[in-house]
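In: Predicted structure and sequence below. I'll ask about it afterward.
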Amino acid sequence: MDYWQEYITEAAQPSYCCLALIESCFMHCKMCYKWLEDVNIRKPDEPALEQWKQAVSDLALLCKDNKPQINFAGGEPLVREETLVLIEHAQGLGFDTLLATNAFLIDKNKAVEIGRSNLGNISISLDGFRPQTHDFMRGVTGAHEKVLKAIDFIKRFSPQTNIYLNCVICELNMHEIIDLTKWADNDGRINGLGFQALTQPFSTPVEEFWYRNEKYASLWPKDIGKVNETMGQLYSLKLANDFKAPFQILNPANQFRAFKKYFNNPDKFIKKGRCHLDSWAINITPAGQVHLCFNMPSIGNIKSTSIKDMWNSDLARDVRGRIQLCRKNCQAMVNCNFDDSQSYSE
């Protein structure tokens, strides 16, 4: 029996889903260029709300035995009113839901709407312990204050929602990563803090050695000693697990070792074996295109084909073969789809 025949058994189901209704954002982040497109422009190829709902329903059928968490992301997903409608639909089908947001649009009224959607989890970007660090990285004055207010609004008006923070580790904030962790632990409202290592900024032309580009020079860590020290501290904090409930560091301890190796030698693939994303994820773009990996061709569109048919198609088989040959330290490999059960480079 070859790999494909073994793979397409009824037990084969995606364990990760990212649904993006919008790819643009109004913040001017240093490590993301999704602000290059106007958030107010709707594109003619976007699926209708009912087509988005059908896609979520199709995913429920494909994953009937073990539904993955659906990550509603962007861009800034709260720009689109449909986002909370889809979250409520997904929750009704038994999915756990997560909203990834910069939190700038969350006021009392929006928090009430979020509560009504029954959102399970919210991941708020917070890239600095000091307000000036976060505001500078996000390119918007007052962004840090908006995050703190949003945390309060969510806690008061959407109490069923777990509150998580997400931080992108780079040169600009390396010196305050541990202070941020200690603050989040002591806050009492934060369920967890997750870290991502800087990868090539979104919405930029793909470059093999992007981190050598002068355009990103301010982002890539320069003090490797500080990198190694900080990753070692995060590794030790995770292993000790001596946090005040409900707080936790979300990353597996070994991911910090992988981050260390990645920052020390970004040219070297962080895994010992092949890429594992061929059997892992479903990612849907604002145009409805479905990708197993964003670095690979689409396997179809939700406007014309069911997710189950796409997942088990010959085209998906071909893309899986290409993924198995890839050795790129991409965002998915280093961050979002890190798998602690896999073997990573020494």
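Out: Thanks, I have the structure now.

In: Can you show me the helices along this structure?
Out: Secondary structure of the chain (DSSP state H): helices at 3-7, 49-62, 82-92, 108-117, 131-138, 143-157, 177-187, 224-240, 253-264, 307-311, 314-325, 331.

In: Any chance of these in JSON lines with mean pLDDT, mean neighbour count and distance to residue 17 as columns?
Out: No exception for glycine: its C-beta is placed from N, CA and C like everyone else's. Shown next, in JSON lines, are the helices of the chain (pLDDT from 0 to 100; neighbours: other Cβ atoms under 10 Å; distance: least, Cβ to Cβ, whole Å):
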{"stretch": "helix 3-7", "mean pLDDT": "40", "mean neighbour count": "12", "distance to residue 17": "18"}
{"stretch": "helix 49-62", "mean pLDDT": "97", "mean neighbour count": "18", "distance to residue 17": "6"}
{"stretch": "helix 82-92", "mean pLDDT": "98", "mean neighbour count": "20", "distance to residue 17": "9"}
{"stretch": "helix 108-117", "mean pLDDT": "98", "mean neighbour count": "17", "distance to residue 17": "17"}
{"stretch": "helix 131-138", "mean pLDDT": "98", "mean neighbour count": "20", "distance to residue 17": "26"}
{"stretch": "helix 143-157", "mean pLDDT": "98", "mean neighbour count": "19", "distance to residue 17": "22"}
{"stretch": "helix 177-187", "mean pLDDT": "98", "mean neighbour count": "17", "distance to residue 17": "26"}
{"stretch": "helix 224-240", "mean pLDDT": "98", "mean neighbour count": "16", "distance to residue 17": "26"}
{"stretch": "helix 253-264", "mean pLDDT": "96", "mean neighbour count": "21", "distance to residue 17": "20"}
{"stretch": "helix 307-311", "mean pLDDT": "95", "mean neighbour count": "19", "distance to residue 17": "9"}
{"stretch": "helix 314-325", "mean pLDDT": "94", "mean neighbour count": "15", "distance to residue 17": "15"}
{"stretch": "helix 331", "mean pLDDT": "90", "mean neighbour count": "18", "distance to residue 17": "16"}
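
In: closest one to residue 287 among the ones you listed?
Out: Among the helices of the chain, the nearest to residue 287 by Cβ to Cβ is helix 49-62 (11.2 Å).

In: Make a markdown table out of the helices of the chain and add distance to residue 40.
Out: Below are the helices of the chain laid out as a markdown table (distance: least, Cβ to Cβ, whole Å):
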| stretch | distance to residue 40 |
| --- | --- |
| helix 3-7 | 42 |
| helix 49-62 | 18 |
| helix 82-92 | 15 |
| helix 108-117 | 18 |
| helix 131-138 | 19 |
| helix 143-157 | 20 |
| helix 177-187 | 32 |
| helix 224-240 | 39 |
| helix 253-264 | 36 |
| helix 307-311 | 29 |
| helix 314-325 | 33 |
| helix 331 | 26 |
